[in-house]
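Novice: Here is the input, now give the coordinates:
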Amino acid sequence: MEAQSNDITIIKYLISSNYKVISMNINDISNEESMIFPNGDANCMNWILGHLIYIRNAFLNVLGEESVWDNDQFSCYNRGEIPLNRKDEFISFEDLKSYLKKSQDKFEAKLNSLENIDAAIINDVSGLSLHEIYHSGQFGYLRRILGKSGAIK
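Specialist: Have a look, this model is predicted:
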């Protein structure tokens, strides 16, 4: 088998780095804390994590992999939703952490099985990576708003 392309190496690094940042920032957050909407309307940690998983499913699909959940069932986490209006549909933060781990396992298995990435999906992969980086950074600020120390030193 030939070595994987640089594209795959970069994507693997982005996915694993994002996962580490997200995991560190959500590690000691309780379900109750995850449901706090700063300023009464800014997105809470629960929604952001659910949203990341929702979009990770699209990312997995672009790579030819199955989603970790049924997006219709978890539509409250979709882009464009108003989280505050749908908070009663949110699942527990611990369950979200479990789905995050499942998505990471699927990413790693899929990326390890690929030799190259179809050039036609590079723009999608880049955009989906940027989306994840954008939201993963929000957890750092939310930790501080919740009175926790920063997880990234």
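Novice: Low-confidence regions, the protein specifically.
Specialist: 1-4 (pLDDT under 70).
Novice: Tell me the buried residues in stretch 38-56?
Specialist: Under the neighbour-count criterion of 16 or more other Cβ atoms under 10 Å, stretch 38-56 has 42-56 buried. C-beta: built from backbone N, CA, C; applies to glycine.
Novice: Actually, stretch 140-153.
Specialist: Buried, per 16+ other Cβ under 10 Å, within stretch 140-153: 142-143, 146, 151.
Novice: Just put those residues in JSON lines and tack on secondary structure and distance to Ile82.
Specialist: Shown next, in JSON lines, are these (DSSP: H, G, I helix; E, B strand; the rest coil; distance: Cβ to Cβ, whole Å):
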{"residue": "Leu142", "secondary structure": "helix", "distance to Ile82": "18"}
{"residue": "Arg143", "secondary structure": "helix", "distance to Ile82": "23"}
{"residue": "Leu146", "secondary structure": "coil", "distance to Ile82": "22"}
{"residue": "Ala151", "secondary structure": "coil", "distance to Ile82": "28"}
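Novice: Tyr77 contacts Asn43, correct?
Specialist: No: judged on Cβ atoms under 8 Å, Tyr77 makes no contact with Asn43 at a distance of 10.5 Å.
Novice: Give the residues shared as contacts by the two.
Specialist: Applying Cβ atoms under 8 Å, 6 or more residues apart in numbering, one finds that Tyr77 and Asn43 are jointly contacted by His51.
Novice: so which strand or helix has the residue nearest the centre of the chain?
Specialist: In the chain, the C-alpha nearest the mean C-alpha coordinate belongs to Leu52, at 3.1 Å (Cα atoms, centre = their mean). Using DSSP states H and E, Leu52 sits in helix 45-62.
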